[in-house]
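Asks: no sequence for this one, just the structure:
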């Protein structure tokens with residue numbers, strides 16, 4: 001089977017530049033660990049440069065886009081990790097678990113090879129950011145493919161959940177990163193930075209309504225409170241499983 005990001009990861013290195021504020025939250029969650037496994041590593045976003053990182057990524061397209069200075073990478077899938085038990089101090093998985101073939105199997109594999117904390121940057125699908133008012137298909141997609149927060153304890157045991165507010169000028173172009181920059185969603189190039197737009201297909205009817213509301217000022221009136229904020233809780237969460 002062709003890894004999903006062999007097809008959709010065309011602009012990821014350009015559009016998905018790590019945001020240092022989100023990176024700092026991930027670093028804090030990793031604590032003082034030294035050897036770190038990055039599962040579903042993609043192009044290497046948020047890999048801490050001061051630790052010994054081993055990356056796992058199934059997509060050859062994403063592997064090819066990794067910097068020559070990035071951590072060593074192994075082409076493998078989360079549900080079949082080629083490592084012995086307790087091989088790493090910690091593990092991380094950044095906005096990736098919803099792409100895994102079997103999330104429960106994958107997380108149990110990550111726990112098997114990790115002797116310390118597992119740090120997941122993920123999304124709480126109970127949130128409904130304003131973009132879902134225009135593209136309700138996004139909410140339906142989130143409900144299907146993104147685990148509820150309660151699922152992580154079932155797979156990993158007790159977890160600690162930390163909200164990750166998204167800065168208004170976030171450099172990482174994931175789905176709801178442009179919450180205060182609505183015009184960005186009208187740019188087809190920017191939309192290629194999020195797998196969700198590939199998954200829901202035809203977005204033009206919703207974007208046409210957004211385009212109209214931006215032109216008439218309706219968007220600004222409807223979401224006036226948002227434009228006063230420097231950061232926003234769009235539902236992104238760090239889930240931490242201690243050993």
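Replies: Everything's here; your move. Note that the structure is predicted; figures quoted are calculated from it, not measured.

Asks: Which residue ranges of this structure form strands?
Replies: Per DSSP state E, the chain carries strands over the ranges 35-39, 52-56, 72-74, 90-94, 118-123, 160-163, 166-167, 231-232, 236-241.

Asks: closest to residue 82 out of the ones you listed?
Replies: Each of the strands of the chain has some distance to residue 82 by Cβ to Cβ; the shortest is strand 72-74, at 6.6 Å. Backbone N, C-alpha and C define where each C-beta goes, glycine included.

Asks: Now do residue 211 against residue 203, distance only.
Replies: Residue 211 sits 11 Å away from residue 203, going by Cβ to Cβ, to the nearest Å.

Asks: which one of the strands of the chain is the most hemmed in?
Replies: Burial of the strands of the chain is given as mean neighbour count (mean count of other Cβ atoms under 10 Å); strand 90-94 ranks first at a mean of 27.

Asks: what helices or strands is that one leaning on?
Replies: In terms of contacts (3 or more Cβ pairs under 8 Å, 6 or more residues apart in numbering; DSSP states H and E), strand 90-94 is packed against helix 20-30, strand 35-39, helix 103-113, strand 118-123.

Asks: Can you point out the buried residues in stretch 188-207?
Replies: The neighbour-count check on stretch 188-207 (16 or more other Cβ atoms under 10 Å) flags 190-197, 203, 206-207 as buried.

Asks: Dump the helices and strands packed on strand 90-94 to CSV, plus mean pLDDT.
Replies: What follows is those, written out as CSV (pLDDT from 0 to 100):
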stretch, mean pLDDT
helix 20-30, 98
strand 35-39, 98
helix 103-113, 97
strand 118-123, 98
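
Asks: quick one: contacts for residue 120?
Replies: 92-94, 97, 152, 238-241 (Cβ atoms under 8 Å, 6 or more residues apart in numbering).

Asks: Residue 115: how many residues sit nearby?
Replies: As a burial measure, residue 115 scores 16 neighbours (other Cβ atoms under 10 Å).

Asks: What's the separation between it and residue 43?
Replies: Counting by Cβ to Cβ, the separation of residue 115 from residue 43 is 27 Å.

Asks: do the same with residue 148
Replies: Distance from residue 148 to residue 43, by Cβ to Cβ: 28 Å.

Asks: Ok, residue 119 next?
Replies: 18 Å.

Asks: circling back: more neighbours: which of residue 148 and residue 43?
Replies: Higher neighbour count among residue 148 and residue 43: residue 43, with 25 against 11, using other Cβ under 10 Å.

Asks: wouldn't the more buried one be in contact with residue 61 here?
Replies: No. Judged on Cβ atoms under 8 Å, residue 43 makes no contact with residue 61 at a distance of 9.7 Å.

Asks: Which of the strands of the chain sits closest to residue 109?
Replies: Closest approach to residue 109 among the strands of the chain (Cβ to Cβ): strand 35-39, 8.4 Å.

Asks: quick one: contacts for the spatially most central residue of the chain?
Replies: Centroid-nearest residue in the chain, with Cα atoms, centre = their mean: residue 95, separated by 2.0 Å. Residue 95 makes contact with 121-123, 174, according to Cβ under 8 Å, 6+ apart.

Asks: can we see that at 7 Å?
Replies: 121-122, 174 (Cβ atoms under 7 Å, 6 or more residues apart in numbering).

Asks: Fine by me, we can end here.
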